[in-house]
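Visitor: 3D, please:
(one chain, ligands or ions: 1)
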Amino acid sequence: MTQHNNRLTTSWGAPVGDNQNSMTAGMRGPTLIQDVHLLEKLAHFNRERVPERVVHAKGAGAHGYFEVTNDLTNYTKAAFLSKVGKRTPMFIRFSTVAGENGSADTVRDPRGFAVKFYTEEGNYDLVGNNTPIFFIRDAIKFPDFIHTQKRHPQTHLKNPTAVWDFWSHSPESLHQVTYLMGDRGIPATYRHMNGYGSHTFKWVNAHGEAVWVKYHFKTEQGVQNLSEEIAARIAGENPDYHTEDLFNAIENGEFPAWTLYVQIMPLEDANTYRFDPFDVTKTWSHKDYPLIEVGRMVLDRNPENYFAEVEQATFSPGTLVPGIDVSPDKMLQGRLFAYSDAARYRVGANHQSLPINRPHHEVKNYQRDGQMRHDSNGGGSVYYEPNSFGGPTESPEHKQAPFPVYGMADSVAYDHDDHYTQAGDLYRLMSADERTRLVQTIVNSMKPVTSDEIKLRQIRHFYKADAEYGTRIAQGLGLPVPQEVKSSE
Ligand code: HDE
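Guide: Numbers count the residues shown, from 1 in each chain. This next block holds a predicted model:
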């Protein structure tokens with residue numbers, strides 16, 4: 001018998017006799033059902049795809065580390081932030097939002113910026129975007145919003161009428177729409193954009209004292225963007241441009257890096273700040289709350305296997321560690337449900353035990369069984385609590401920091417209605433050239449909208465943010481600025 005040390009096997013480990021010719025009855029067939037290797041191979045192939053993420057389907061990932069550069073233990077007891085110089089392994093997945101898994105990278109769209117820190121006290125996911133704000137501020141609006149970003153149920157085409165109809169009825173979107181339609185709406189690569197936690201989070205220190213925080217990852221590569229024209233050309237020539245760029249940069253040893261900063265707001269300021277600091281359509285003034293450096297994230301290793309590490313990666317804003325809690329931001333609260341639910345549907349009930357998702361230290365709890373339980377499932381160890389058999393016990397010092405709540409249970413809007421100041425400020429911050437590009441991009445995007453009523457409703461919003469902004473868009477669309485907005489000045 002010849003020695004064979006690189007043997008092809010079936011999925012049950014038996015040697016495969018022939019992987020090129022299926023077994024037939026005679027030279028011409030038919031094919032025999034007893035070729036079980038063929039049956040298994042075809043059946044497994046049919047199941048190669050898991051459902052793609054309903055949003056953020058197209059993405060690219062990389063491994064790296066986070067290194068603390070500033071002592072912020074006054075503000076948080078998070079173990080991975082406990083010491084200057086401390087390094088924590090991490091994984092990041094960048095993505096576009098609206099397109100399908102095979103869609104072009106260089107579209108105008110926010111980019112996902114989902115970071116998983118494998119800390120010694122459990123995984124911490126910071127599931128942000130490359131924009132500091134969002135289109136809506138209540139989770140209940142998210143499925144409708146995303147419907148407008150996706151395809152029309154009849155034509156299966158993208159539908160600008162739905163997009164602008166929704167936005168014009170949801171003026172809280174104006175700030176993010178201005179951001180998205182501006183130069184930063186198409187990053188040059190994943191390496192040349194910032195990342196933001198967007199929501200307000202809570203940090204708690206070892207004494208149980210809390211502050212509110214917002215996260216900012218600033219790219220060390222510099223912010224660079226693509227023009228409409230170049231982006232459109234690349235989308236045709238190389239739809240995977242950003243995916244390729246990230247992989248090649250890391251392969252060539254050009255490790256991209258970001259510096260992480262936080263803004264810190266004392267807890268009580270939230271009651272008196274000039275707007276609701278939990279409203280994700282607003283940024284906090286950097287004058288009021290300056291950026292404080294935390295550390296540096298470096299990406300230095302490509303995934304070995306895209307499916308295992310990028311497609312099966314699951315993130316949730318609820319994946320938190322001691323020292324980091326959530327805020328009452330209604331979007332964040334909704335996301336605390338949505339992500340793990342999506343992960344269980346897409347990857348399975350035991351998604352957290354896959355190599356890319358599991359913590360780097362032992363997980364001990366009383367959860368058992370479920371589809372695709374592929375570890376030892378706790379063996380024979382005690383499987384309920386309380387117990388008399390030395391099972392794992394809780395750490396009372398890591399209970400969530402208590403906080404007061406008050407008020408009537410009700411479905412209510414945020415209690416302030418200024419959708420316009422920050423959107424206008426962003427417009428006024430832009431250079432003359434960028435404003436011209438912004439107006440052109442919006443006009444091009446709104447032209448196909450089939451209803452003048454929608455266009456006029458949206459023009460009113462632009463005008464309220466800045467009279468020049470609204471007037472130029474109206475002109476570009478060949479429509480008047482509605483009289484009543486002008487006279488309400
Ligand atoms: Fe997401 N979002 N989202 N989102 N999101 C998902 O999670 C959702 C929001 C973001 O690389 C989904 O596993 C709701 C804000 C990123 O795997 C889903 C709401 C921000 C990623 C989901 C939001 C994000 C997602 C799709 C409103 C930036 C990709 C499948 C309350 C701060 C993560 C999945 C990755 C993915 C829901 C709003 C960022 C459906 C309900 C705001 C980076 O669960």
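Visitor: nearest spatial neighbour of Tyr273, skipping sequence neighbours?
Guide: Leaving aside its sequence neighbours, Tyr273 sits nearest to Met265 (C-beta to C-beta, 6 or more residues apart in numbering; 7.4 Å). For every residue, glycine as well, the C-beta is placed using N, CA and C.
Visitor: An error on my part: the question was meant for His63.
Guide: Residue nearest to His63 in three dimensions, not counting chain neighbours: Arg301, with 4.0 Å by C-beta to C-beta, 6+ apart.
Visitor: which stretches of the protein form strands?
Guide: Applying DSSP state E to the chain gives strands spanning 59-68, 87-96, 111-119, 122-129, 195-196, 201-204, 210-219, 257-266, 292-301, 324-326.
Visitor: relative to strand 210-219, how tilted is the second one?
Guide: Regarding strand 87-96 and strand 210-219, their directions subtend 70 degrees when assessed with axes from the mean of the first three to the mean of the last three C-alpha atoms, to 10 degrees.
Visitor: What's the local residue count around Asp71?
Guide: For Asp71, the count of nearby residues is 12 (other C-beta atoms under 10 Å).
Visitor: my bad, should have said Asn377
Guide: So Asn377, with other C-beta under 10 Å, has 15 neighbours.
Visitor: ok, now which ones touch it?
Guide: Counting by C-beta atoms under 8 Å, 6 or more residues apart in numbering, Asn377 touches Arg368, Asp369.
Visitor: Quick one: end-to-end length of stretch 17-32, please.
Guide: One end of stretch 17-32 sits 15 Å from the other (C-alpha to C-alpha, to the nearest Å).
Visitor: Any idea how far that stretch is from the middle of the chain?
Guide: Put simply, stretch 17-32 sits 48 Å off its chain's centre (C-alpha atoms, centre = their mean, to the nearest Å).
Visitor: Next: stretch 60-68.
Guide: Chain-centre distance of stretch 60-68: 15 Å, with C-alpha atoms, centre = their mean.
Visitor: For the residue nearest to Tyr273, give me its contacts.
Guide: Residues in contact with Met265 (C-beta under 8 Å, 6+ apart) are Thr200, Val211, Trp212, Val213, Lys214, Tyr273, Pro277, Trp284, Asp288, Tyr289.
Visitor: low-confidence ranges in the chain?
Guide: For the chain, the stretches with pLDDT under 70 are 1-3, 489.
Visitor: for the ligand, what are the nearby residues on it?
Guide: Residues of the chain lying near the ligand by C-beta under 6 Å from any ligand atom: 53-56, 59, 93, 95, 112-114, 127-129, 134, 139, 142, 198, 280, 313-315, 331, 334-335, 338-339, 342-343.
Visitor: One more pass at 5 Å, please.
Guide: Within the chain, the positions adjacent to the ligand are 53-56, 93, 112, 114, 127-129, 134, 139, 142, 198, 315, 331, 334-335, 338-339, 342 by C-beta under 5 Å from any ligand atom.
Visitor: got the contact list for Thr76?
Guide: Going by C-beta under 8 Å, 6+ apart, Thr76 touches Trp203, Val204, Asn205, Gly323, Ile324.
Visitor: farthest pair in these?
Guide: Farthest pair in the contacts of Thr76 (C-beta to C-beta) is Asn205 and Ile324. Separation: 11.1 Å.
Visitor: Of these two, give the one with the bigger neighbour count.
Guide: Neighbours were counted for Asn205 and for Ile324 using other C-beta under 10 Å; Ile324 has more, 20 against 17.
Visitor: from what I can see that one touches Gly122, true?
Guide: No - Ile324 is beyond contact range of Gly122, at 10.5 Å (criterion: C-beta atoms under 8 Å).
Visitor: For the stretch 351-489 of the chain, give the residue positioned nearest to the ligand.
Guide: Using C-beta to the nearest ligand atom, the single residue of the stretch 351-489 of the chain nearest to the ligand is His351, 9.6 Å away.
Visitor: tally of neighbours for that residue?
Guide: If you count neighbours by other C-beta under 10 Å, His351 ends up with 21.
Visitor: From what I see, it and Ala343 are in contact.
Guide: Yes - the criterion here is C-beta under 8 Å, and His351 meets it with Ala343 at 4.7 Å.
Visitor: and the gap between the residue nearest to Tyr273 and the ligand?
Guide: Separation of Met265 from the ligand (C-beta to the nearest ligand atom, to the nearest Å) stands at 18 Å.
Visitor: ok, back up a step: next up, the contacts around the residue of the stretch 351-489 of the chain closest to the ligand.
Guide: Contacts of His351 were listed using C-beta under 8 Å, 6+ apart, and they are Gln312, Thr314, Ala343, Arg344, Asn357.
Visitor: Now list the buried members of the residues you listed.
Guide: Among the contacts of His351, those classed as buried by 16 or more other C-beta atoms under 10 Å are Gln312, Thr314, Ala343, Arg344, Asn357.
Visitor: could you measure the third one against Phe134, distance?
Guide: I take that to be Ala343. 21 Å (C-beta to C-beta, to the nearest Å).
Visitor: now do the last one
Guide: In this structure, Asn357 and Phe134 are 25 Å apart, going by C-beta to C-beta.
Visitor: And for the second one?
Guide: Relative to Phe134, Thr314 is positioned 21 Å away (criterion: C-beta to C-beta).
Visitor: Also the first one?
Guide: Here the criterion is C-beta to C-beta. By it, Gln312 lies 26 Å from Phe134.
Visitor: same thing with the fourth one?
Guide: If you measure Arg344 against Phe134 using C-beta to C-beta, the figure is 24 Å.
Visitor: Could you list which residues are in contact with the spatially most central residue of the chain?
Guide: Centroid-nearest residue in the chain: Gly112, 3.8 Å away (criterion: C-alpha atoms, centre = their mean). Contact analysis of Gly112 by C-beta under 8 Å, 6+ apart lists His56, Gly59, Arg93, Phe94, Ser95, Thr96, Val97, Val127, Gly128, Asn129, Asn130.
Visitor: can you do 10 Å?
Guide: Counting by C-beta atoms under 10 Å, 6 or more residues apart in numbering, Gly112 makes contact with 53, 55-56, 58-59, 92-97, 127-130, 190, 195, 315.
Visitor: Throw together a ChimeraX command that grabs the buried residues out of the residues of the chain next to the ligand.
Guide: The buried subset of the residues of the chain next to the ligand, as determined by 16+ other C-beta under 10 Å, is captured in ChimeraX by this line:
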select :53,55,56,93,112,114,127,128,129,134,139,142,198,315,331,334,335,338,339,342
